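Enquirer: Pasting the sequence and the predicted model now:
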Amino acid sequence: MIRAGRQHLVRTLADLAAQQGVGIDHYTRLKPYQAPGFPAPISSEGSRTRLYDGEQVDAYLQGKPVPPLPQPEVEDDSDLLDRRECAALLGVSPRSWDVYKRDPALTAARIEAGGVEHWPRHAVKAYQADRPGDAAPKPGRPKGTGDQVPRDQVAARVAELLDADPTISAATVTARLGVHRNTAQDSLTYQRAERIADHIAAHPTLTPTEAAAHLGYPPAQTRRATARAVVLLRARQAAPYLADVAAALHRAHLTTTEAAPDVHLPGDDRVVAALVLDGDQAPVPALVWDERYGWRTASSRRHPITKGAALPSEGGSVRYLAGGITPPPGDVVTALRELQEVSSLGESR
């Protein structure tokens with residue numbers, strides 16, 4: 001966590017590399033932050049982005065004693081918590097927090113530090129105090145009348161119902177929240193799949209069916225969820241690679257953001273991701289990665305992923321990049337540079 005009043009001291013690995021006068025690639029290869037005595041990250045264990053306290057790092061580099069941070073048991077309501085810490089405070093999984101954070105109050109309280117989302121401890125505690133529990137109908141409503149939950153709050157409310165009752169059905173969600181049956185079923189399927197995947201990640205020897213049983217999900221309600229969980233696990237395995245490609249494209253000025261691309265699961269049966277190429281030197285509008293065939297270019301930034309299982313044909317701005325399913329990030333950049341050169345030659349003629 002980021003202790004109260006220390007947000008301005010937060011540094012990323014890129015900041016540390018710049019402080020040492022080297023590039024981030026060289027810095028992460030040398031890994032000086034793994035040397036004995038180097039200050040521990042202030043980001044939670046398992047976080048993709050490492051964050052450090054600048055005062056501690058400066059003291060270490062100057063050969064001075066590293067000053068301690070406030071003790072973990074001393075809580076301050078202004079401490080900034082990342083997603084894992086917020087989830088731990090609520091007693092839910094990080095995937096559940098990803099749903100809860102869409103609540104308008106949490107959205108307003110969100111703070112970005114070091115490129116990572118954080119929330120003040122007081123905002124998380126306030127959300128916890130205001131959680132609707134079993135989402136029972138409000139006093140004065142006729143029995144069986146739903147709450148007509150706004151669409152942007154449905155996911156969080158369904159997550160709460162599932163936390164309270166793993167066996168809850170779509171019919172019950174429909175009655176409790178006043179949403180369409182299909183909306184209730186889709187949300188339950190999505191969230192059960194996320195939790196099944198989380199459980200398998202923590203217990204790799206389990207099958208999806210076994211994980212669902214451990215979580216208390218009735219077999220009749222989880223057929224789609226277990227199938228989706230398998231695809232989710234493949235998506236998570238691909239995520240670090242996709243993040244590396246995004247970072248390489250950013251360094252090559254082909255995109256203005258180095259954030260990992262959003263992963264899509266069309267039809268719940270395959271993993272697809274899209275990267276918008278909005279840099280000045282980008283030869284095409286976007287790139288799409290599909291676990292079946294690797295990278296291709298796309299002709300649209302707004303809708304780079306095509307519907308249906310059929311692969312789009314080459315032509316126009318659509319080209320398939322050679323190199324297999326997961327070519328090295330540098331090879332993806334090189335392939336785009338070659339496309340840029342071909343395009344430049346065509347224009348010069």
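Expert: Sure, I can see it.

Enquirer: And the nearest residue to residue 46 once chain neighbours are set aside, what's its pLDDT?
Expert: In space, and not counting its chain neighbours, residue 46 is closest to residue 84: 6.5 Å by Cβ to Cβ, 6 or more residues apart in numbering. Heads up, the C-betas are built off the backbone N, CA and C, glycines and all. pLDDT recorded at residue 84 is 88.

Enquirer: Residue 84 sits in which helix or strand?
Expert: helix 83-90 (DSSP states H and E).

Enquirer: Could I get the buried residue list for that helix?
Expert: Within helix 83-90, the residues scored as buried using 16 or more other Cβ atoms under 10 Å are 83-87, 89-90.

Enquirer: For this protein, just list every one of the helices.
Expert: Ranges of helices in the chain, per DSSP state H, are 13-20, 24-30, 54-61, 83-90, 94-100, 104-109, 121-130, 151-164, 170-177, 181-202, 208-214, 223-251, 329-348.

Enquirer: between the longest one and helix 13-20, what angle do the directions make?
Expert: Orientation check (axes from the mean of the first three to the mean of the last three Cα atoms, to 10 degrees): helix 223-251 against helix 13-20 gives 20 degrees.

Enquirer: Report the buried residues of helix 223-251.
Expert: 224-235, 238-239, 241-251.

Enquirer: Run through the neighbouring helices and strands of it.
Expert: Applying 3 or more Cβ pairs under 8 Å, 6 or more residues apart in numbering; DSSP states H and E, we find helix 223-251 packed against helix 181-202, helix 208-214, strand 263-264, strand 272-276, strand 286-290, helix 329-348.

Enquirer: give me that answer again for 7 Å
Expert: With contacts taken as 3 or more Cβ pairs under 7 Å, 6 or more residues apart in numbering; DSSP states H and E, helix 223-251 sits against helix 181-202, helix 208-214, strand 272-276, helix 329-348.

Enquirer: What are the contacting residues of the longest one?
Expert: Put plainly, it is helix 181-202. The contact list for helix 181-202 (Cβ atoms under 7 Å, 6 or more residues apart in numbering) reads 93, 95, 99, 154-155, 158-159, 162, 170, 173-174, 206, 208, 211-212, 214-215, 217, 222, 224-226, 228-229, 232-233.

Enquirer: which residues touch stretch 226-234?
Expert: 189, 193-194, 196-197, 200, 208-209, 212, 265, 268-271, 291.

Enquirer: quick one: least confident of these?
Expert: residue 268 (57).

Enquirer: shaky segments in the stretch 101-250 of the chain?
Expert: By pLDDT under 70, the low-scoring segments of the stretch 101-250 of the chain are 131-148.

Enquirer: 80 instead, please
Expert: Within the stretch 101-250 of the chain, the set of residues satisfying pLDDT under 80 comprises 130-153.

Enquirer: one step back: okay, the angle between the helix holding residue 84 and helix 151-164?
Expert: Computed by the same axes, to 10 degrees, the angle between helix 83-90 and helix 151-164 is 60 degrees.

Enquirer: Return helix 83-90 as PDB; C-alpha atoms alone will do.
Expert: Extracted C-alpha coordinates of helix 83-90, given in PDB (Å, rounded to 0.1, in the frame of the first residue of the first chain):
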ATOM      1  CA  ARG A  83      -7.000  -3.800  -5.900                       C
ATOM      2  CA  ARG A  84      -5.600  -6.800  -4.000                       C
ATOM      3  CA  GLU A  85      -5.500  -4.800  -0.700                       C
ATOM      4  CA  CYS A  86      -9.100  -3.500  -1.300                       C
ATOM      5  CA  ALA A  87     -10.300  -7.000  -1.900                       C
ATOM      6  CA  ALA A  88      -8.600  -8.300   1.200                       C
ATOM      7  CA  LEU A  89     -10.200  -5.500   3.300                       C
ATOM      8  CA  LEU A  90     -13.600  -6.600   2.000                       C
END
